[in-house]
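> Fold the following for me, if possible:
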Amino acid sequence: MKHDTHASESEDAPLLETERLTRLVDGTAVVDTVSVTVSRGEVLAVVGPSGAGKSSFLRLLNRLDEPSSGSVYVEGVDYRELSPRTLRQRIGLVPQQPSLVPGTVWENVVRGPTLRDEPVPEERTRELLERLDIADYEAKDVGDLSGGEAQRVALTRTLVNDPDAFLLDEPTSNLDAGTEAYVEALIREVVADFGIACVIVTHDPDQARRLADRVLSLEDGAVSDLGPAREVLSP
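Below is the predicted model:
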């Protein structure tokens, strides 16, 4: 799967960049002046205690929530210049609960182009289903899937949109250890092979060590540490 080159954007710019990104709720900063970059092929893990603002930060990255100040840049372009539909196609979010719609696996994974009234990329979709080891599940009802299968369907649904980055909110929190390891391996493969950026929120420092190139640690919405995973998460 190849990504289109956005000619108007700087090739030298990071895929994602936040600049003093802030969100206030009832006067309290749930995300407080966070500045960070994420490049293609990189995994950034966002860690911190409960209530630190991890999921709030993730939702700001594709404008599911609106920043109070600061901004996000996609390859050097302020994301307010992109339509929400284009932004969410390029920066896909996989929520903690897969949020599949009633129907078959196929209907779910092609939901993006279907909603946009675009042709379904059938060949690429089947390649992705094969890659994520759910090729035999096209006609299966999503109500009959295991947790790991549902998570792979959600990942496929996002990848069908040919994103530049994807955002993962606790993607393995409801999976057993074996399935967790399998999904983690898929995430690393997809990021490396497709050259996309990944931001993952996790409560598990060990998962962050396994997956992340760099770690952003939040506390009360603000950056408490940022750097290579081996340094930020050192014992």
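> in the chain, which helix has the most residues?
helix 177-194 (DSSP state H).
> Could I get the CA-only coordinates of the helix or strand following it as CSV?
Once the chain leaves helix 177-194, the next helix or strand it forms, by DSSP states H and E, is strand 197-201. Written as CSV, here are the backbone C-alpha positions of strand 197-201 (Å, rounded to 0.1, in the frame of the first residue of the first chain):
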residue,chain,number,x,y,z
ALA,A,197,3.1,7.5,12.3
CYS,A,198,1.5,6.0,15.4
VAL,A,199,0.5,7.5,18.7
ILE,A,200,-0.6,4.9,21.3
VAL,A,201,-2.1,5.6,24.7
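> who does strand 197-201 touch, helix- and strand-wise?
strand 28-38, strand 43-47, helix 54-60, strand 165-169, helix 177-194 (3 or more Cβ pairs under 8 Å, 6 or more residues apart in numbering; DSSP states H and E). C-beta here means a position set from N, CA and C on the backbone, and glycine is covered the same way.
> which residues touch it?
With contacts defined as Cβ atoms under 8 Å, 6 or more residues apart in numbering, strand 197-201 is touched by 14-16, 38-46, 54-55, 57-58, 61, 164-171, 187, 191, 208, 211-212.
> what ranges do the strands span in the chain?
Assigned by DSSP state E, the chain shows strands spanning 16-25, 28-38, 43-47, 69-74, 77-78, 91-94, 165-169, 197-201, 214-219, 222-228.
> What mean pLDDT does the second one get?
The reference is to strand 28-38. On average, the pLDDT along strand 28-38 is 97.
> Please identify the buried residues of that strand?
29-32, 34, 36-38 (16 or more other Cβ atoms under 10 Å).
> just checking, residue 148 touches residue 175?
Yes. Applying Cβ atoms under 8 Å, one finds residue 148 in contact with residue 175, separated by 5.3 Å.
> shared neighbours, the two?
residue 183.
> where are the low-confidence patches of this structure?
1-12, 235 (pLDDT under 70).
> OK, contacts around the nearest residue to residue 49 once chain neighbours are set aside?
Sequence neighbours aside, residue 219 is the residue nearest to residue 49 in space, at 6.8 Å (criterion: Cβ to Cβ, 6 or more residues apart in numbering). Taking Cβ under 8 Å, 6+ apart, we find residue 219 in contact with 48-49, 52.
> Then residue 51?
Counting by Cβ under 8 Å, 6+ apart, residue 51 has no contacts.
> got it, and residue 64?
88, 93 are the contacts of residue 64 under Cβ under 8 Å, 6+ apart.
> Equivalent analysis for residue 45, please.
Contacts of residue 45 (Cβ under 8 Å, 6+ apart): 200-202, 207-208, 211-212, 214-216, 229.
> how near is residue 27 to residue 68?
For residue 27, the distance to residue 68 equals 10 Å [Cβ to Cβ, to the nearest Å].
> More neighbours: which of these two?
Comparing residue 27 with residue 68 by neighbour count (other Cβ atoms under 10 Å), the higher total belongs to residue 68, at 14 against 5.
> how much space is there between that one and residue 23?
5 Å.
> buried residues in the longest helix of the chain?
Those would be 179-180, 182-184, 186-187, 190-191, 194, for helix 177-194 by 16+ other Cβ under 10 Å.
> cool, stretch 195-212 as well?
Quick answer for stretch 195-212 (16+ other Cβ under 10 Å): 195-202, 205, 207-208, 210-212.
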